[in-house]
Structures are given as C-alpha cells and as structure tokens.
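J.: Structure of the sequence below:
(chains A and B)
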Amino acid sequence: MLINSKRNILPGRCSQLLKTAEVTFTIFAPLKKCIMKEIRVRFAPSPTGPLHIGGVRTALYNYLFARKHNGKFLLRIEDTDQTRYVPGAEEYIIESLKWCGIDYDEGVGIGGPHAPYRQSERKELYKAYAAELINNGHAYYAFDTPEELDQMRERLKAKGVATPQYDAFTRSEMVNSLTLSADETKAKLNSWSPYVIRILIPENEEILVNDLIRGEVNVHSSRLDDKVLFKSDGMPTYHLANIVDDHLMEITHVIRGEEWLPSAPLHVLLYRYLGWQPPLFAHLPLLLKPDGNGKLSKRDGDRLGFPVFPLKWTDPFSGEISSGYRESGYLPHAFINMLALLGWNPGTEQEVFSIDELIGAFSIERVGKSGSKFDPEKARWFNHHYMSGLPDKEVSILLGNILKEKGIEVAHEFLLSVSAMIKDRAVLIPDLWDQSHYFFVAPDSWDEKVVQKFWKPETPALLQKLSEILTNTDDFTVDNIDSVIKGYIHDNGLGMGQIMNTLRLALVGGSFGPGVSAIISVLGKNETLTRIDKAIANVGN
RNA sequence: GGUCCGUUCGUCUAACGGUUAGGACGCCAGGUUUUCAUCCUGGUAAUAGGGGUUCGAUUCCCCUACGGACUGCCA
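T.: From the prediction side, this is the model:
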C-alpha cells in the first residue's frame, strides 16, 4: 500500500527490483531500507497571534520538503493553552498560508485521516498516554500549587542555585506521588486536588538528539527538569501533545525553529518511554532583526519600517495594527522566494526560483546553521524583479484594481499599454499608481523645480508650434511621434532638453516617466494637445 | 548565572584541506536614456582572536571573545 504512490522516491537501484511491496518484504528483506516510508511533515503553530515571517519560513520549508519527496504536509493547530487564545489567529494563519501558496494535504479546515487537527479537540486522547507514562514509572503526579513552585524557586535562588528547577534534587521535597505514599496520593486524587503530571527525568544519562542540520547534540539528563506533561486544567502541555500527535499522525520529520532545540532531549525521552520510533529532527536557525541582534520580533517591523507579518493584523484586544506584506504590495511569489533563501541556498548561484524550482532544489542538508538577519532591501529587490517580469496582463489586473478603488474607468487596451510601460518602474504594487497616475488624471500642477529650470519665456511659443505640427499628424505610433518631434527640434535648431523637458512637464506634470514619445503615443492626439494647451495657459504665470 | 546552538564582505551566502575566498542585495563610478527609474559594465568590501593538527587550514580540534535560543501548569 505504501509502494504504489511512493515509487518515484525510491532510490533508482531499488525501484528497478521492486515490483510489489510484497515481493520486497518477503524476498528482498535486506532491501527494506530502500523503501522509504511516506514522508509526512507538519506545521504546528499556536494560534496566539499573527504568524510572523519566521513562522512562514518554517511552514515553507516543511512544505518544500514534503512536495520534494512526494510526501504529505499537514497543518495542526496547537491550542493547548486556553488562556492564550486569540480570536482570529487561526484564521489568520490559514489565510497567510493560502496567500503564500503553501497548501497542505491534511489539517484544520480541510480534515484528513487523522482528524481532528486542532489539539483542543483531541483533548481526551492525551490523558491515556500520560497515564501510561505514570504506569511505566516515567512520570508522576505532582500536587504543588503555583505559589509553592514560586516559593521553591525563591528558596533555591536564595541558596545560590542559578537555575532552580523541578528536578532530581527538588522533587524529593515537593508534594508529589514520589514523596507521598500510595494511599496519600490516591486520597489526593480522589479528593479532586488539582494535580499535574510530570515526567521523571532519569538521573544520570546522556541524551542524544540527532539533528539533520546540527548533527549530534548531547545533553546530560541532570540539566533537564521534570517538565509538566499534563496540566491541572486537563490539557496536555505542548511537550506531550506534540509527541502524541506527531506519532499518531505518522510524522516522519519534525522541522521546526531552533527555539525548540533545548527541549528536543525531553521529546526524545518521551518517544522512548512511550515505546515509539522518534521522527527525524531538523531545527531551523532563527530569523534575526536587521539591526543589532536578537530574534526578529513584532516590534521591529514598525520600528524599521517593513512588515514582519505576511498579512495585516489588527490585535483584537488592543486594536494595534501591524502591517503585512500583502497589504504593502508585495507579490506572494517574491515574498516566498525571498524567504526561501533566508537560511537555505541551493549551492548554485541561482537566486530566482519558481515554486517548482524551489521544490526541486530544496534539501534540508543545505539549510544553514546560523541565524539570518532579515534584509528588507533584498525583499524589495525580489519584488521589483518579479514585478517587472510579470506579464502585462497581470500587471494590468493589479493596476486595474487600484483604478477601481479610485473610481477610474479606462479601456482595457489603454490599461494594458500603460501597464507594459510602467511595470519595471514599480517596486511594490502601489508604485504602479505612483508611476502611472498621469495617464489617467491630467496634471493640475507642474513641478516647480522643472519649471524653474526649463520653462523659458519662449517655451509657450515653441510648444504651441509643436502642438500645431502634432495636430496635423495622424500617425501616433511611437516611432513616428519620435521622428516628428525630433524633426521639429532639428528643423528649428532647438535643443533636445529645451523641448523634451517642457513637453514632458506638460504631459505628466514633472520630470519622470517613460519616454515622451511613448507617453504621447498612449495618450493619443486629443489628450496630448489638451495637455499642451493647458500647460501653456497655466505654467509660468 | 546555567545548558545548548552559532560566528566568511554592512546584509544573504558559496567554497566535499590546496580558489587571486565566488555570487547576490546595498553602496560608489561609468554607460544607455530628452527626465526619473529600469537595464548594462566596473569597483568597494569578509574568513572574530589565539593556539594546535597538517606539506598546506575558511574548512578539523581546543581555548577565548562575541551573539543567540532555552531556562513556565507558554508554545
């Protein structure tokens, strides 16, 4: 059953030999290694607010990895902390992934064979595993109140313990099923005393985490604390829930942020104690802020003037607004391309990738080890690159949307011509308007600086004469307009700048935009003549 | 503080122990353009420091420095 859909990821040598799974298993037992299990990865955000670009990158890498290996990519919502629930966050996450084009095969919103994919809806499932850990001696009940835990930490700090934690030392002086007798424990449980379940970290053991990016990471068990697995509110903590779900959902590779590396040994232990095969781990380096150091955070965006979120987010409690890449006018493809190269590289000098190319080129082995500072300039460069590479038709749709908002209606052909002319002058989508507004709205004012520099007393007469020539011109193709204007300049012994700059001023109101002849060609005879007249009548007065 | 992870141009990064340390963004200069952009060409700029190992270290090992993550009944 595995084999059929997985043929294409089998190493060539083996796939030659494999006719059916049965043959392989019975006759070519040693080749079993060649049969890779279906690769299944997940993105498992917590819906506590908007997803920032670091999270999007994690999702992206999972997605690319899954697609590359013809595996499955799932979206699981880790909402085991009910106190941190933020309305709208889950929808935000889903919409963000959708905008980015990161589609998933199973998960919240679309379901799948392991539904539900929201941990709060899987609540009942975790208890049994916590109980199993208690039964096999790898976990215990603890009845300490939060206040008592605080006191313990204070007490230890006062004694000079740098890192007070609930561990082999302290657990013996706390209230738990290890210090209480079996009867006392039972009594507490029966009297509905609030309790948590903690893992019993082994005393003296090296725990090895094999990380696809970092290699082997060793941690001594004495450095770990007896983490809470199951909370007094009946919910598991992240640590338990993520192990249980990854196992049940048959996750083969856990690709997540580096901030999880310190708790990876705990997770390794949990797999062991539950008797499960752990997935392969890959801890991604962090995204750092562009200036100074530190993890990129929500505040950095507004402070430095670039979005840190894919989509605009309005905090439902404070009303605070954080800008998004979509609303700032980035193209999703450019955004994704930029993000993909932040921490990963193909080993070649290629930087511009279609999604399919990214899928083909991606590999975890080529993910770097060190954190990457996010560079907003590079993001803009990517967007400009994609913008100017967009087909005219798509640019015209983007520009058309802006016009619609402004209540401007134009002919399709006109819009297409304008789009073609300005697309490589725009970095972000709103620039499309900034670079083209004069096509749709005739200038009402004329850049003072240009007026000062070029508008001479003889200018109105010169433009008037040119206007008359244009009136008698029928061929308004770019080439013809070009030769008409140049002919006029030449015939009258004028300077190019003298005419071109003032003509441009009359047409666009300033000193910018595509070639004058091209503008005239698109504007057409009537509009061109009207604008020249208007400038003659108004400029310099 | 402790544990873990990391450190190549300003930034993103390449270089399976032997390269004039490569590319991209940015910046600077020149060219194209009647303007502003684009575009093209060129330039600027890096192996954190110190010890080893080696004929030879960006690359392997150790120390130091610096940075980061973690250190919750958060994820």
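J.: When you work out contacts or count neighbours from here on, use the C-alpha atoms and nothing else.
T.: Will do.
J.: Could you verify my assumption that residue A:232 touches residue A:193?
T.: No. Between residue A:232 and residue A:193 no contact is recorded; they are 9.2 Å apart, counting by Cα atoms under 8 Å.
J.: Please say which of the two ends up with more neighbours.
T.: residue A:232 (16 against 13; other Cα atoms under 10 Å).
J.: Quick one: residues contacting the more buried one.
T.: Contact analysis of residue A:232 by Cα atoms under 8 Å, 6 or more residues apart in numbering lists A:194, A:195, A:196.
J.: Could you tell me how far the second one is located from residue A:40?
T.: Distance, residue A:195 to residue A:40, by Cα to Cα, to the nearest Å: 35 Å.
J.: can you give me the helices in the stretch 151-300 of chain A?
T.: A:182-190, A:238-248, A:264-274, A:298-304 (DSSP state H, counting those that start in this stretch).
J.: buried set for the first one?
T.: By neighbour count on 16 or more other Cα atoms under 10 Å, the buried set for helix A:182-190 is A:185, A:188.
J.: which stretches of the stretch 301-450 of chain A aren't confidently modelled?
T.: Per-residue confidence of the stretch 301-450 of chain A (counting by pLDDT under 70) places no residue in a weak region.
J.: how about 80 then?
T.: For the stretch 301-450 of chain A, residues meeting the criterion pLDDT under 80 lie at A:301-303.
J.: near RNA strand B, which residues of it?
T.: A:341-345, A:347-349, A:351, A:366-375, A:377-378, A:381, A:385, A:388, A:424-426 (Cα under 7 Å from any atom of the strand).
J.: remind me which residues of chain A are low pLDDT?
T.: Counting by pLDDT under 80, chain A has low-confidence residues at A:1-36, A:162, A:290-294, A:299, A:301-303, A:540-541.
J.: At the geometric centre of it, which residue do we find?
T.: A centroid search over chain A (Cα atoms, centre = their mean) returns residue A:56, at 2.7 Å, as the residue closest to the centre.
J.: which SS class is that residue?
T.: Secondary structure assignment for residue A:56 (DSSP: H, G, I helix; E, B strand; the rest coil): helix.
J.: Does it touch residue A:97 like I think?
T.: Yes. When contacts are counted by Cα under 8 Å, residue A:56 is listed as touching residue A:97 (7.5 Å).
J.: which stretches of the stretch 251-400 of chain A form strands?
T.: Chain-ordered strands for the stretch 251-400 of chain A, with DSSP state E, counting those that start in this stretch as the definition, fall at A:253-257, A:280-284, A:287-288, A:313-314, A:321-322, A:372-373.
J.: Can you lay out the ones you listed as JSON lines showing mean neighbour count and distance to residue A:457?
T.: Formatted as JSON lines, the strands of the stretch 251-400 of chain A follow (neighbours: other Cα atoms under 10 Å; distance: least, Cα to Cα, whole Å):
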{"stretch": "strand A:253-257", "mean neighbour count": "21", "distance to residue A:457": "67"}
{"stretch": "strand A:280-284", "mean neighbour count": "22", "distance to residue A:457": "67"}
{"stretch": "strand A:287-288", "mean neighbour count": "22", "distance to residue A:457": "58"}
{"stretch": "strand A:313-314", "mean neighbour count": "17", "distance to residue A:457": "54"}
{"stretch": "strand A:321-322", "mean neighbour count": "16", "distance to residue A:457": "51"}
{"stretch": "strand A:372-373", "mean neighbour count": "19", "distance to residue A:457": "55"}
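J.: burial count for the closest residue to residue A:344 other than its chain neighbours?
T.: Closest residue to residue A:344 apart from its sequence neighbours, by Cα to Cα, 6 or more residues apart in numbering: residue A:367 at 4.3 Å. Residue A:367 is surrounded by 23 other residues when neighbours are defined as other Cα under 10 Å.
J.: Residue A:367 is in contact with residue A:213, isn't it?
T.: Yes. The criterion here is Cα under 8 Å, and residue A:367 meets it with residue A:213 at 6.8 Å.
J.: Between those two, which contacts overlap?
T.: Contact with both residue A:367 and residue A:213 is made by residues residue A:284, according to Cα under 8 Å, 6+ apart.
J.: Tell me how many other residues crowd residue A:403.
T.: Neighbour number of residue A:403 under other Cα under 10 Å is 17.
J.: Residue A:455 now?
T.: Other residues lying near residue A:455 total 20 when counted by other Cα under 10 Å.
J.: residues contacting it?
T.: Contacts of residue A:455 by Cα under 8 Å, 6+ apart are A:502, A:540.
J.: Now do the phi/psi pair for it.
T.: phi -80, psi 100 (degrees, to the nearest 10).
J.: what does the one 10 residues further on give?
T.: Dihedral angles phi and psi of residue A:465 (degrees, to the nearest 10) take the values phi -60, psi -40.
J.: That one: what's it in contact with?
T.: The neighbours of residue A:465, taking Cα under 8 Å, 6+ apart as the test, come to nothing; the list is empty.
J.: Kindly report the same for residue A:256.
T.: Residues near residue A:256 by Cα under 8 Å, 6+ apart: A:43, A:58, A:282, A:283, A:284.
J.: and RNA strand B, which of these contact it?
T.: When these are checked against RNA strand B using Cα under 7 Å from any atom of the strand, none falls in range.
J.: any idea which of those residues is the one closest to residue A:111?
T.: Distances from residue A:111 to those, taken as Cα to Cα, are shortest for residue A:43 (14.5 Å).
J.: That closest one against residue A:72, yeah?
T.: No. Contact criterion Cα under 8 Å: residue A:43 and residue A:72 do not qualify, at 11.1 Å.
J.: Look at the two and report which has more neighbours.
T.: Counted by other Cα under 10 Å, residue A:43 and residue A:72 do not tie: residue A:43 has more neighbours, with 24 against 20.
J.: Could you measure from the more buried one over to residue A:106?
T.: Using Cα to Cα, we find residue A:43 at a distance of 11 Å from residue A:106.
J.: Identify the contacts common to these two.
T.: Contact criterion Cα under 8 Å, 6+ apart; residues bridging residue A:43 and residue A:106 by contacting each: A:73, A:74, A:75.
J.: my guess is the first one contacts residue A:63, does it?
T.: To tie it back to what came earlier, the one meant is residue A:73. Yes. In this structure residue A:73 lies within contact range of residue A:63 using Cα under 8 Å: 5.9 Å.
J.: which residues do these two both contact?
T.: Contact criterion Cα under 8 Å, 6+ apart; residues shared by residue A:73 and residue A:63: A:41, A:104.
J.: pull the CA atoms of the helix or strand in which residue A:126 is found into PDB?
T.: Assigned by DSSP states H and E, residue A:126 falls within helix A:123-135. Included here for helix A:123-135 are C-alpha records, laid out as PDB according to Å, rounded to 0.1, in the frame of the first residue of the first chain:
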ATOM      1  CA  LYS A 123      -8.100  16.700  24.500                       C
ATOM      2  CA  GLU A 124      -9.400  13.400  25.600                       C
ATOM      3  CA  LEU A 125      -6.800  11.500  23.700                       C
ATOM      4  CA  TYR A 126      -3.700  12.600  25.700                       C
ATOM      5  CA  LYS A 127      -4.800  11.500  29.100                       C
ATOM      6  CA  ALA A 128      -4.200   7.900  28.400                       C
ATOM      7  CA  TYR A 129      -0.600   8.500  27.300                       C
ATOM      8  CA  ALA A 130       0.100  10.500  30.400                       C
ATOM      9  CA  ALA A 131      -1.400   7.600  32.400                       C
ATOM     10  CA  GLU A 132       0.800   5.100  30.600                       C
ATOM     11  CA  LEU A 133       3.800   7.100  31.500                       C
ATOM     12  CA  ILE A 134       2.800   7.000  35.100                       C
ATOM     13  CA  ASN A 135       2.200   3.300  35.000                       C
END
